[in-house]
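Colleague: Turn this into a model:
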Amino acid sequence: MARSVADRAGLSVSVKPQGELRHERVLDLFASAKILVGLSLSDGIGTALLDSMAMGVIPVQGLLAVMRGLANPVSRSTKSQLMR
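Modeller: The predicted structure is shown next:
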């Protein structure tokens, strides 16, 4: 799914399946990342989003019901300014 989204957006990404990870390892990965792209179809409480934000990562998250109260959507004009 990540490659499909990247291809449609014209992005070059590296997807590295990790399998099951301990929470500490996930936090290490967040700490080394610049952005987190959340493509999950459902997420009960949004812990990946919250953990990544706590580690200083910029989250890019699909619109899930749980996320509506945590983040503001980025408009197209704001997005184009961020991409400069």
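Colleague: contacts, neighbours, all on C-alpha from now
Modeller: OK.
Colleague: For residue 7, give its distance to residue 13.
Modeller: Distance of residue 7 to residue 13, computed by C-alpha to C-alpha, to the nearest Å: 9 Å.
Colleague: Residue 35 reaches residue 61, doesn't it?
Modeller: No. Using C-alpha atoms under 8 Å, residue 35 is not in contact with residue 61, being 10.1 Å away.
Colleague: State the phi and psi torsions of residue 35.
Modeller: phi -140, psi 160 (degrees, to the nearest 10).
Colleague: Identify the bridge partners of it.
Modeller: Counting by DSSP bridges, residue 35 is bridged to residue 58.
Colleague: What's the local residue count around it?
Modeller: Neighbour count of residue 35, defined by other C-alpha atoms under 10 Å: 15.
Colleague: and for the helix or strand encompassing residue 50, what are the contacting residues?
Modeller: If you go by DSSP states H and E, residue 50 is part of helix 47-54. The set of residues external to helix 47-54 that reach it, using C-alpha atoms under 8 Å, 6 or more residues apart in numbering, is 27, 30, 31, 36, 38, 58, 59, 61.
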